[in-house]
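# I'll drop the sequence and a predicted model, then ask my questions.
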Amino acid sequence: MTDNVDVRFLGEQMRQMQSDLRQVRSDQLRLESEQVQMQDRLARVDTKIDLLAAKADSLDAKVDYHDLRLDRLEGKMDRLEERVERLETKMDNGFRAIDARFDQVFQTIATNTQILLDAIKSRPSA
């Protein structure tokens, strides 16, 4: 009877191990399925990251292009400011020359008027 009990006990143990083995295999398949899903998600995330990297590169190129244009515009503005300053200097010099000419004309008129007044005063009254 001990042989019979041992065989039943071993049979029970084998059934339990088979059940445990089926559960382990089921868990393994579930984990493999989750792993495939995670790999798929990672692939989609990787694709999105690549797309974002491409967009960032495109944005960098646009920023570089606009930065270059701004540099050119700054250069043009600097040259324009220099021209305006030169024109202001020329105009200031021209206005000073005109003012000097007017001063000279007024001085000449004043001198001539004084000469005329002196001539009129020194004329004998008739």
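Structure received.

# roughly how far out does stretch 77-96 sit from the chain middle?
34 Å (Cα atoms, centre = their mean, to the nearest Å).

# buried residues, it. List them.
Buried positions in stretch 77-96, judged by neighbour count with 16 or more other Cβ atoms under 10 Å: none. Placement of C-beta: from N, CA and C, glycine included.

# nearest residue to the middle of this structure?
Val63 (5.4 Å; Cα atoms, centre = their mean).

# any idea of the mean pLDDT for the helix or strand where it lies?
Using DSSP states H and E, Val63 sits in helix 2-122. For helix 2-122, mean pLDDT rounds to 93.

# give me the helices and strands touching it, please.
Using 3 or more Cβ pairs under 8 Å, 6 or more residues apart in numbering; DSSP states H and E as the contact test, no helix or strand touches helix 2-122.

# and for Asp46, the neighbour number?
For Asp46, the neighbour count with other Cβ atoms under 10 Å is 10.

# over to the one 3 residues further on?
The burial metric for Ile49, expressed as a neighbour count using other Cβ under 10 Å, is 10.

# and the gap between it and Asp118?
Relative to Asp118, Ile49 is positioned 100 Å away (Cβ to Cβ, to the nearest Å).

# also Ala43?
Taking Cβ to Cβ, one finds Ala43 at 110 Å from Asp118.

# cool, and Gln104?
For Gln104, the distance to Asp118 - Cβ to Cβ - is 21 Å.

# go on, Gln37?
Per Cβ to Cβ, Gln37 is found 117 Å from Asp118.

# could you do Glu74 as well?
With Cβ to Cβ as the criterion, Glu74 and Asp118 are 65 Å apart.

# can you check Asp92 too?
38 Å.
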